[in-house]
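[1] just coords:
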């Protein structure tokens, strides 16, 4: 007597014998049920009906049968039940029949008349092959899950996490369409991203969600959004509601075309595990993003309070930030460095808190002593910010945004590439904003003149390559970058009475 394959218990292994000859069907059932849980069907059609209701590990099927033969059954199993293995019995053991069965996924075939030991041995071999394959798949999935968890743990940026999640799912499942929608403010479902074989879609469409929600509401709302982006051509779907702390936060959806295999049970189980990690990661990332936005709003309010000491510089930091961020984007800096510039732009003049009003607000030229005091503001800013651990990376930008390419700047007299790149960016944005905005001692300079001054200062005051990029940006989209409300707080009489002095601050 042959043993059950290692790792498989008798009560756990389910076999389905499909045979139109009742004597052979009964023979196989009696022989196999001594070791396995065995069910039978008299033809392919009856077998398919059983497959919709029960789970089986191995289907042992005859080839020649009425209504639906064994080859047709193999095709249906391969298309709809890819996780089930198959073994073929045939009295017509020709090379062509065997080849066709093996092409359709059969692990092996047995020639009739059936011999007891041959059947038991072949079934055991098939189950052993199945066990080894499943172990390999589980190991592969564990490695994939580990890599996935390690990858998404490296960032709390929602956009980056979505790209990483999609990359892993695309590699593992090879879908035709992959889409993710998330709930925002508990009121709207927004399509965050959709990837097809034609590329990425980022339409960010959204739908309002009703207060009273049924279990199928989220999938239906998701499909409404997706239908506007991708025509519903696929018929094979796998979708799962993403939950965090028991509450739905979104929906993840995949689809394949008819020619592709359906999502089998093992794929759906793995998707469930993925979904748990995806939901937790995205929820953490969104909370982190919300906290960061709150912090940024606080910093922006601080910057505006500093700028508001002088009606002419109100909004200066915000405008400098917009210019600097746009220049950083133009030269292809990564998101984390652009974010650093965003914070540093708002804080670059924070040190002016330590400059007395009679110097900061003086309408005319500063004396040498007053200029020396004014030039201390970068270092004062560093002293203020260095105690805030989350902002320490902005310190080199705050300190060095008045350094010059030729080494004649302040406070350290750095030159060339010794000046941090982000500070070189900030210096250009700061100078251009100062030149093109009204000041107590002069009117705003025309854009063309300000750009000419930047161009003349290439390789002396500013980084030449960055100046060239900045000039291109302003010529292309300068009006779009300018805040319209920039001068709303400047008193008209102050503009009319001011003293005119050319040049940048």
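    Nice, thanks for sending it over. Fair warning: this is a prediction, and the values are worked out from it, not measured in the lab. Numbers count the residues shown, from 1 in each chain.

[2] where's the residue lying closest to residue 149 once chain neighbours are set aside, which helix or strand?
    Counting by C-beta to C-beta, 6 or more residues apart in numbering, residue 149 lies nearest to residue 277, which is 6.0 Å off, once chain neighbours are set aside. In short, each C-beta sits where N, CA and C put it, glycine included. Following DSSP states H and E, one finds residue 277 within helix 265-307.

[3] After that helix, which helix or strand is next? Please name it.
    helix 316-330.

[4] The following helix or strand past that following helix to helix 265-307, inter-axis angle?
    As assigned by DSSP H and E, the chain's next helix or strand after helix 316-330 is helix 335-347. Here helix 335-347 runs at an angle of 20 degrees relative to helix 265-307 (axes from the mean of the first three to the mean of the last three C-alpha atoms, to 10 degrees).

[5] Which strands and helices lie in contact with helix 335-347?
    In terms of contacts (3 or more C-beta pairs under 8 Å, 6 or more residues apart in numbering; DSSP states H and E), helix 335-347 is packed against helix 265-307, helix 316-330, helix 395-400, helix 421-435.

[6] out of the ones you listed, nearest to residue 60?
    Counting by C-beta to C-beta, residue 60 lies closest to helix 265-307 out of the helices and strands packed on helix 335-347; the figure is 20.0 Å.

[7] and the helix or strand where residue 96 lies, how far from the chain's centre?
    Secondary structure from DSSP H and E places residue 96 in helix 95-103. The chain centroid and the centroid of helix 95-103 are separated by 44 Å under C-alpha atoms, centre = their mean, to the nearest Å.

[8] tell me the pLDDT at the residue nearest in space to the middle of the chain?
    By C-alpha atoms, centre = their mean, the mean C-alpha position of the chain lies nearest to residue 162, the distance being 1.5 Å. Note on residue 162: pLDDT of 81.

[9] One more: residue 264?
    Reading off the model, residue 264 has pLDDT 72.

[10] Leaving out the residues flanking it, which one is nearest to it?
    Closest to residue 264 by C-beta to C-beta, 6+ apart is residue 83, at 4.0 Å.

[11] what do you get for residue 323?
    residue 429 (3.7 Å).

[12] That neighbour: how many residues sit nearby?
    25 (other C-beta atoms under 10 Å).

[13] The one 4 residues further on now?
    In terms of burial, residue 433 registers 26 neighbours under the definition other C-beta under 10 Å.

[14] Would you agree it is in contact with residue 316?
    Yes - in this structure residue 433 lies within contact range of residue 316 using C-beta atoms under 8 Å: 6.2 Å.

[15] which residues do those two both contact?
    Counting by C-beta atoms under 8 Å, 6 or more residues apart in numbering, residue 433 and residue 316 have no shared contacts at all.

[16] Need the pLDDT of the residue nearest to residue 323.
    pLDDT at residue 429 comes out at 97.

[17] residues in contact with it?
    Residue 429 touches 320-321, 323-324, 327, 345, 470, counting by C-beta under 8 Å, 6+ apart.

[18] For those residues, pick the one with the most neighbours.
    Counting by other C-beta under 10 Å, top hit in these: residue 345 with 32 neighbours.

[19] confidence score at it?
    pLDDT at residue 345 comes out at 93.

[20] now the residue lying closest to it once chain neighbours are set aside: how far from residue 103?
    Distance criterion C-beta to C-beta, 6+ apart; nearest residue to residue 345, sequence neighbours excluded, is residue 321 at 3.0 Å. Between residue 321 and residue 103 the computed distance is 63 Å (C-beta to C-beta, to the nearest Å).

[21] still on that earlier bit, buried residues of the helix holding residue 96, list them for me.
    Buried residues in helix 95-103, counting neighbours by 16 or more other C-beta atoms under 10 Å, are found at 97-98, 100-101.

[22] Just give the nearest non-adjacent residue to residue 110, would you?
    Residue 110 sits nearest to residue 89 (C-beta to C-beta, 6+ apart), 5.0 Å away.

[23] wait, doesn't that neighbour sit right on residue 112?
    Yes - using C-beta under 8 Å, residue 89 makes contact with residue 112 at a distance of 6.2 Å.

[24] Mutual contacts of the two, please.
    residue 24.

[25] quick one: which of the two has more around it?
    More crowded of residue 89 and residue 112, by other C-beta under 10 Å: residue 89, with 24 against 15.

[26] so who does the more buried one touch?
    Here residue 89 is in contact with 19, 24, 60-63, 109-110, 112, 114 (criterion: C-beta under 8 Å, 6+ apart).

[27] from those residues, which ones fall inside strands?
    Among these, the ones falling in strands (DSSP state E) are 60-62, 109-110.

[28] Including pLDDT and distance to residue 301, could the residues you listed go into JSON lines?
    Output for the ones in strands among the contacts of residue 89, formatted as JSON lines (pLDDT from 0 to 100; distance: C-beta to C-beta, whole Å):
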{"residue": "60", "pLDDT": "95", "distance to residue 301": "74"}
{"residue": "61", "pLDDT": "93", "distance to residue 301": "73"}
{"residue": "62", "pLDDT": "91", "distance to residue 301": "78"}
{"residue": "109", "pLDDT": "87", "distance to residue 301": "76"}
{"residue": "110", "pLDDT": "89", "distance to residue 301": "79"}
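
[29] Go through those and say which is closest to residue 78.
    Once C-beta to C-beta is applied, the member of the ones in strands among the contacts of residue 89 that ends up nearest residue 78 is residue 61, at 12.4 Å.

[30] Name the nearest residue to that closest one, sequence neighbours excluded.
    residue 18 (4.0 Å).

[31] for residue 324, same thing?
    Leaving aside its chain neighbours, residue 324 sits nearest to residue 429 (3.9 Å; criterion: C-beta to C-beta, 6+ apart).

[32] Next, work out how far apart that neighbour and residue 295 are.
    Residue 429 is 22 Å from residue 295, by C-beta to C-beta.

[33] what are the ranges of the helices in the stretch 51-200 of the chain?
    70-80, 95-103, 116-152, 158-173 (DSSP state H, counting those that start in this stretch).

[34] Name the stretch among those helices that sits most buried.
    Most buried of those, by mean neighbour count (mean count of other C-beta atoms under 10 Å): helix 70-80, with a mean of 20.

[35] which stretches of the protein aren't confidently modelled?
    1-11, 92-95, 151-157, 202-203, 215, 231-235, 258-261, 307-313, 440-441, 484-505 (pLDDT under 70).

[36] can you list the domain ranges for it.
    14-133, 153-276, 308-497 (automatic domain parsing).

[37] on that earlier part again, so what's the residue nearest to residue 264 up against?
    Going by C-beta under 8 Å, 6+ apart, the list of residues near residue 83 reads 264-266.

[38] Just the buried subset of those, please.
    In the contacts of residue 83, nothing passes as buried (16+ other C-beta under 10 Å).

[39] Which one of these is nearest to residue 130?
    Out of these, the member with the shortest distance to residue 130 (by C-beta to C-beta) is residue 266, at 11.7 Å.

[40] from what I can see the closest one touches residue 137, true?
    Yes - the pair residue 266 / residue 137 is scored as a contact, 6.6 Å apart, by C-beta under 8 Å.

[41] got the contact list for stretch 136-147?
    168, 172, 266, 270, 273-274, 277.

[42] I'd like the residues you listed as TSV, with distance to residue 219 appended.
    TSV is the format used below for these (distance: C-beta to C-beta, whole Å):
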residue	distance to residue 219
168	22
172	21
266	22
270	19
273	19
274	17
277	20
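
[43] Out of these, which is nearest to residue 481?
    Proximity of the contacts of stretch 136-147 to residue 481 (C-beta to C-beta) peaks at residue 168, which lies at 37.1 Å.

[44] OK, contacts around the closest one?
    144, 147-148, 151, 274.
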